[in-house]
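J.: Fold the following.
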Amino acid sequence: MNRLEIYENKTKLWMLMGLIALVGIGFLIPIVLYLTGSNEISLFFFLLSIAIEGLLIWVASKWAARIRTKSPCLIVEEDSITIFPNPGNGINLLKTEIDGAIPYSINGQKFIGLALRNEEEKLEELPPAVKRTVSLNKKTGFPIFNVHLNYISNKDLQAVLQQFEAIGLPLGTEPKNQRDNEVRM
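T.: Have a look, this model is predicted:
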């Protein structure tokens, strides 16, 4: 079996970056109007616009990091799967650690969750930035590691599904520690 490296679809990421830029421009207009002395913009709306601009700049920096990254978002090998929850922070999961692969969706966002045999042990090994991300998944009752499918091209998605079958992790296998509030695709 060949090593399969899957990269995020940069076109989709650039489209979202463009949307962030358009929203940013929309909230930049009230700031410029207020600073030029226009009486039409209240102080509250000016401060709200500054707060939203700050948030949008932070989000844009995160998206830019995802666009610039050269690392794949998923690597599937014969004996392991490597997931990159954050750019540059790869988590290697051995096939023996994985209990099942579960497809689910949340608000139109599609995922493949990887249920582990011993989640607590794996959580202790993670770097702090990744631990915060996966802890949220655990608190909400979903598998701690997942593959986000919305930013993978359809061609690559078919290859991922075939590789999961090839290594013995067909989608929909029920893990032994099934979550009660799991959402099905």
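
J.: for the spatially most central residue of the chain, which residues make a bridge with it?
T.: Centroid check for the chain by C-alpha atoms, centre = their mean gives H148 as the closest residue, at 5.3 Å. Per DSSP bridges, residues listed as beta-bridge partners of H148: F111.

J.: Contact partners for it?
T.: When contacts are counted by C-beta atoms under 8 Å, 6 or more residues apart in numbering, H148 touches C73, Q109, K110, F111. Glycine gets a C-beta too; all of them are placed from N, C-alpha and C.

J.: what about the second one, neighbour count?
T.: Read it as Q109. By the measure other C-beta atoms under 10 Å, the count of residues near Q109 is 12.

J.: surely it meets N150?
T.: Yes - counting by C-beta atoms under 8 Å, Q109 touches N150, with 5.7 Å between them.

J.: In this structure, where is pLDDT below threshold?
T.: 1, 170, 172-185 (pLDDT under 70).

J.: How is it divided into domains?
T.: 8-68, 74-166 (automatic domain parsing).

J.: Give me the secondary structure label for P85.
T.: strand (DSSP: H, G, I helix; E, B strand; the rest coil).

J.: same deal with S105?
T.: strand.

J.: So it sits against I112, correct?
T.: No - counting by C-beta under 8 Å, S105 sits too far from I112 to count as a contact (10.3 Å).

J.: Who has more neighbours out of those two?
T.: Set side by side, S105 and I112 show more neighbours around I112, with 25 against 13, by other C-beta under 10 Å.

J.: I'd guessed that one sits against G100; true?
T.: No - counting by C-beta under 8 Å, I112 does not reach G100; the two are 10.4 Å apart.

J.: what ranges do the strands span in this structure?
T.: Using DSSP state E, the strands found in the chain span residues 4-6, 74-76, 80-86, 89-94, 98-106, 109-116, 145-148.

J.: quick one, which of those strands is nearest to L22?
T.: strand 109-116 (21.2 Å; C-beta to C-beta).

J.: packing partners for that closest one?
T.: Where contact means 3 or more C-beta pairs under 8 Å, 6 or more residues apart in numbering; DSSP states H and E, strand 109-116 is packed against strand 98-106, strand 145-148.
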